[in-house]
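J.: Give me coordinates for this.
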Amino acid sequence: MIRLDTDYHNKSQHRMIIFNLMEEATSNNEIKSLRTNAHYLEVINTFASELLKTRTTDEIVWAVAKHAIAKLGFIDCVVYLFDDNNEFLLQRAAHGPKNPIYFDIKNPIKLKIGQGICGNVALTGLPELVLDTSIHEKYMIDDATRLSEIAVPIMSEGRVLGVIDSEHPDKNFYTQEDLRILITIASMTSFKLVEADVQQELLQHRDHLENLVDIKTQELRSTIDQLHLSNFENENLLKDVTDSISYAKNIQTAILPSRKIIKKLLRESFIYYKPKDIVAGDFYWLQERNNKVLFAAADCTGHGVPGAMISVVCNNALNRSVREYDLTDPGKILDKTRDIIKEEFEKSGKEVNDGMDIALCSLEGIQLKYAGALIPVWIIRDGKIIEIKGDRQPIGKYVHQKPYTTHTLNLQKGDTIYIFSDGFVDQFGGEKGKKFKTQPFRDLLLKIQDKIMYDQKTIIYKTFEDWKGNLEQIDDVCMIGVRV
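T.: Reported below is the predicted structural model:
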C-alpha cells in the first residue's frame, strides 16, 4: 500500500515536470514569434519612411532592395519591372551578389512572361514560395544556383507592374511569414510606382504646355516687332498676330478645369469668366485632394498676353504645391506657391515684381477653409454677407513677407460662397461712366439669393453687359459661386 502511494507520487511529479517543460517551450515560441513580428513591423516602418522620400521609379525600386529586403536579412533580391512595351521583365534594382557596388546590377538579365519562376509570377499574378528549386520545373539559374526562392508580383488594379524576387542557397529557407511581409512590401511599392508614373505624366504635360507658350510667345514678339516696322498696315500680318494669340488662348484654356470636372466636384456652382482680351491674366483653378475640393479665383499682374504668361506660371505653381508637395491647407498652399513663383522668376536673372492676387478655398463637407492674397471670400447666409479678408500681400515678391493665414468656418445648408477678382466692381459704365463699385455688387448678390446658380450667373452676366454698355472692358473678370 505504501509502495503504491510512492509510485503515484512519482508519476505526478513526472507529469508536473513535463507540463512545466511544455509550458516553457510554448512561452519561448511565443516570445520568438513576437520578436519576429516586431522585427517585421520595424522593417515595414523603416521602408515606409524611406518610400515617402522617393519620387522616381529608380528611387522606389532601390528603396525596396536597400531598405526592405536587406533589412529582412535576405542575402539576395532582385526587383523586376516590365519594359515600356510590357514584353520583358527587366532587372531594375538588386541586393546581394547581383549588386556588388552602389546602384549597379551585375550582368542584368531580362525575362519573357512565363520564363522562370519570376516570369510565371508575372504571368499568373500569383506569388510563389518554392522550398526546393531542384525539383521545380520553372526554376532558372541567374548568377548562381540556389535551392529556395520566393517571388511576389507588384500589382495595381489587377495589372502586374513587376516582381520582387529573392533566392537562398538552403532548402526550406523562406516561410509563410516571409511571403506575407513581401506581399505587404509589394503592395506599398505598387502604390508609389503608380504615383510616380502619374507625376511624370503631369510634369511632361506641364513642360509641353510651357514649351508651347514659350514658342508662341517668341513668335508673337517677332510678329509684333514686324507690325511696328510696318505701322500695322499689313493685314496678313495682323491676322498672324490674332491667330497666334488665339492659339495662346487654346493653351491657356487647356490648363483651366473642364465643365465636366467643375460639375463633378462643385455640383451647385457657376463660373463667370470674361477675359478683357483673347487671353487673360485672371484664371480659375480646381483640384481634388484627400476628399477636399480646392478651388480658387486668381488675378495675375496685367491682362492680355503678358497676364496670360504670368497666369501659366502661377497655375503651374498651384498644381505643384498640391500634387508634388501634397498640400491641402490653403495657407500652406499659398506659401509654397509663392516660393515656386519667386524661384521661377529668379531664373531670369532680372528683378521681376509680377505675381498674383488670389482667393483659395478648401471645401470638405460643410467645413470651409480659406486663405487669400488681397482677395476676400464672401459667404451669404440668411440675407447677410459674411466677409473674410485675405492677407494684404500678393503672391510674389513682397518686402514684408509672412505666412498666409488659413481661416476655418463651418457652413450651413443653403450658404453661398463667392470669390472674385476686381474686374467686375472696377468696370466703368452706367449713365455717368463711373465704376460699378463694391456696395452695388453686394446688393446684387443679396438680391439674387432665391435663384439657382445657373440663373445667378445669367443675371450677373446681363448686369455687367448692361452696365458696361458701349464702353471698353477695362480688366478681366473672374468669379466663382458655390452653394452648399
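
J.: Do you have the strands of the stretch 101-250 of the chain handy? List them.
T.: 110-112, 128-130, 148-156, 159-168 (DSSP state E, counting those that start in this stretch).

J.: What mean pLDDT does the second one get?
T.: Taken as a whole, strand 128-130 carries a mean pLDDT of 96.

J.: what's the single longest helix in the chain?
T.: Looking across the chain with DSSP state H, the single longest helix is helix 176-229.

J.: how distant is that helix from the center of its chain?
T.: Centroid displacement of helix 176-229 relative to its chain, using C-alpha atoms, centre = their mean, to the nearest Å, is 11 Å.

J.: circling back: for residue 373, find the nearest of the strands of the stretch 101-250 of the chain.
T.: strand 148-156 (38.7 Å; C-beta to C-beta). Heads up, the C-betas are built off the backbone N, CA and C, glycines and all.

J.: tilt between the closest one and strand 159-168?
T.: Counting by axes from the mean of the first three to the mean of the last three C-alpha atoms, to 10 degrees, strand 148-156 points 160 degrees away from the direction of strand 159-168.

J.: Could you list every helix and strand in contact with strand 148-156?
T.: Applying 3 or more C-beta pairs under 8 Å, 6 or more residues apart in numbering; DSSP states H and E, one finds that strand 148-156 contacts helix 116-124, strand 128-130, strand 159-168, helix 176-229.

J.: still on that earlier bit, include distance to residue 222 and mean neighbour count when you put the strands of the stretch 101-250 of the chain into a markdown table, please.
T.: As requested, the strands of the stretch 101-250 of the chain are arranged in a markdown table below (distance: least, C-beta to C-beta, whole Å; neighbours: other C-beta atoms under 10 Å):
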| stretch | distance to residue 222 | mean neighbour count |
| --- | --- | --- |
| strand 110-112 | 49 | 15 |
| strand 128-130 | 63 | 18 |
| strand 148-156 | 47 | 23 |
| strand 159-168 | 46 | 24 |
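
J.: So which of those strands is nearest residue 340?
T.: strand 148-156 (29.7 Å).

J.: In CSV, list the strands of the stretch 101-250 of the chain along with distance to residue 214.
T.: Shown next, in CSV, are the strands of the stretch 101-250 of the chain (distance: least, C-beta to C-beta, whole Å):
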stretch, distance to residue 214
strand 110-112, 39
strand 128-130, 51
strand 148-156, 35
strand 159-168, 35
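
J.: between those, which one is nearest to residue 380?
T.: Nearest to residue 380 among the strands of the stretch 101-250 of the chain is strand 148-156; the distance by C-beta to C-beta comes to 44.6 Å.

J.: out of the helices and strands packed on strand 148-156, deepest packed?
T.: When you average the neighbours per residue for each of these (mean count of other C-beta atoms under 10 Å), strand 159-168 leads with a mean of 24.

J.: How about residues contacting it?
T.: 61, 64, 69, 74-82, 89, 92, 117-118, 121-122, 125, 133, 142, 146-155, 174, 182, 185-186, 189-190, 193-194 (C-beta atoms under 8 Å, 6 or more residues apart in numbering).

J.: so where's this structure uncertain?
T.: 1-36, 227-252, 302-305, 348-352 (pLDDT under 70).

J.: and residue 74, what does it touch?
T.: So residue 74 contacts 95-96, 166, 168 (C-beta under 8 Å, 6+ apart).

J.: Who's the closest spatial neighbour of the most centrally placed residue in the chain, skipping the chain neighbours?
T.: The centroid of the chain falls nearest to residue 323 when counting by C-alpha atoms, centre = their mean (2.8 Å). With sequence-adjacent residues excluded and distances taken as C-beta to C-beta, 6 or more residues apart in numbering, residue 323 is closest to residue 202, at 6.1 Å.

J.: From residue 196, how far out is the one you found?
T.: To residue 196, residue 202 is 11 Å away according to C-beta to C-beta, to the nearest Å.

J.: likewise residue 96?
T.: 25 Å.

J.: As TSV, the contacts of residue 74 with distance to residue 397 would be great.
T.: Output for the contacts of residue 74, formatted as TSV (distance: C-beta to C-beta, whole Å):
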residue	distance to residue 397
95	48
96	52
166	53
168	60
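
J.: Go through the residues you listed and name the one nearest residue 441.
T.: Nearest to residue 441 among those, counting by C-beta to C-beta, is residue 95 at 64.9 Å.

J.: The closest one and residue 73 touch, don't they?
T.: No: taking C-beta atoms under 8 Å as the definition, residue 95 is not a contact partner of residue 73, at 10.8 Å.

J.: The two - which one has more neighbours?
T.: Set residue 95 next to residue 73 and count neighbours by other C-beta atoms under 10 Å: residue 95 wins out with 23 against 9.

J.: Quick check: beta-bridge partners of the more buried one?
T.: On the basis of DSSP bridges, residue 95 is bridged to residue 77.

J.: Start the count at 418 instead of 1 going forward.
T.: Sure thing, new numbering starts at 418, so read that last one as residue 512.

J.: in the stretch 718-867 of the chain, which spans are helices?
T.: 721-740, 747-763, 855-864 (DSSP state H, counting those that start in this stretch).

J.: Need the winner for burial among those helices.
T.: The highest average neighbour count among those, using mean count of other C-beta under 10 Å, belongs to helix 721-740 at a mean of 22.

J.: Report all helices and strands that it contacts.
T.: Helix 721-740 makes packing contacts with helix 593-646, helix 652-672, strand 699-706, strand 709-717, helix 747-763, strand 772-781 when contacts are defined by 3+ C-beta pairs under 8 Å, 6+ apart.

J.: how about the residue lying closest to residue 474 once chain neighbours are set aside, what does it touch?
T.: Distances taken as C-beta to C-beta, 6+ apart place residue 613 nearest to residue 474, at 5.4 Å, with adjacent residues excluded. Contacts here follow C-beta under 8 Å, 6+ apart; on that basis residue 613 touches 471-474, 477.

J.: now do 7 Å
T.: With contact set as C-beta atoms under 7 Å, 6 or more residues apart in numbering, residue 613 has these partners: 472-474, 477.

J.: Next, work out how far apart it and residue 755 are.
T.: Taking C-beta to C-beta, one finds residue 613 at 26 Å from residue 755.

J.: contacting residues around residue 679?
T.: Taking C-beta under 7 Å, 6+ apart as the test, what residue 679 contacts is 686, 688, 703.

J.: excluding its backbone neighbours, what's nearest residue 706?
T.: Spatial nearest neighbour of residue 706, excluding adjacent residues (C-beta to C-beta, 6+ apart): residue 745 at 5.1 Å.
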